[in-house]
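K.L.:
Here is a sequence with its predicted model. Questions after.
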Amino acid sequence: MDFSAGDHVVYPTHGVGKVLRIERQSIAGFDLDLMVVEFERDKMTVRIPLTKVTSVGIRKLSSPQKMRTALDTLKGRARIKRAMWSRRAQEYEAKINSGDPVSIAEVVRDLHRNAGQPDQSYSERQIYESALDRLVRELAAVERIDEDSAAKKLDKYLKAA
């Protein structure tokens, strides 16, 4: 894939970041070409060897059409499996770390609670907030809006369900 400075990218385990530059560094006697990605909100900068970019799953932002599909997923009925929470939690974490907006939207949809529904456990709330945060960040980057507006848009979709 072709990445250049200023591009927004999705690192599956960290969310949306911005490519600062492509640089060459000499590490332990080897010259490596590195992509420097900043995650401003997390105050984190990551250097990924260009040879590893594909294997760690870094990708360009989703297309507006893919985001629409993810948003439509939020309108569907929650699919809560009868499996034990620990197994469901692992599945939810795997979906979040896949970096796929539709999979992340499924987690948000399945763990979302409307007023009048029972409260979530601490771990459910943590996973829900993690998924919601990832989805908000990518929606904001794709639609070039601030994260508050993206959060309000997602909330509207969740309430329409």
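P.N.:
All right, it came through fine.
K.L.:
quick one: the helices in the protein?
P.N.:
With helices called from DSSP state H, the chain shows them at 64-74, 85-98, 101-111, 122-143, 147-160.
K.L.:
which secondary structure elements does the second one contact?
P.N.:
I take that to be helix 85-98. Counting contacts by 3 or more Cβ pairs under 8 Å, 6 or more residues apart in numbering; DSSP states H and E, helix 85-98 packs against helix 101-111, helix 122-143. (C-beta placed from N, C-alpha, C; glycine too.)
K.L.:
right, so the helices of the chain: which one is the most enclosed?
P.N.:
Of all the helices of the chain, helix 101-111 carries the top mean neighbour count, a mean of 23, counting by mean count of other Cβ atoms under 10 Å.
K.L.:
will you turn the helices and strands packed on helix 85-98 into JSON lines that also has mean pLDDT?
P.N.:
Formatted as JSON lines, the helices and strands packed on helix 85-98 follow (pLDDT from 0 to 100):
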{"stretch": "helix 101-111", "mean pLDDT": "94"}
{"stretch": "helix 122-143", "mean pLDDT": "94"}
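K.L.:
closest one to residue 83 among those?
P.N.:
Nearest of those to residue 83, taken as Cβ to Cβ: helix 101-111 at 12.1 Å.
K.L.:
Which residues does the closest one contact?
P.N.:
62, 66-67, 69-71, 73-74, 76, 78-80, 92, 95-96, 98, 120, 124, 127-128, 131-132, 134-135, 138, 154, 158, 161 (Cβ atoms under 8 Å, 6 or more residues apart in numbering).
K.L.:
what do you get if the cut-off is 7 Å, keeping everything else the same?
P.N.:
Under the contact criterion Cβ atoms under 7 Å, 6 or more residues apart in numbering, helix 101-111 has outside partners 62, 66-67, 69-70, 73-74, 76, 78-80, 92, 95-96, 120, 124, 127-128, 131-132, 134-135, 138.
K.L.:
That'll do, ta.
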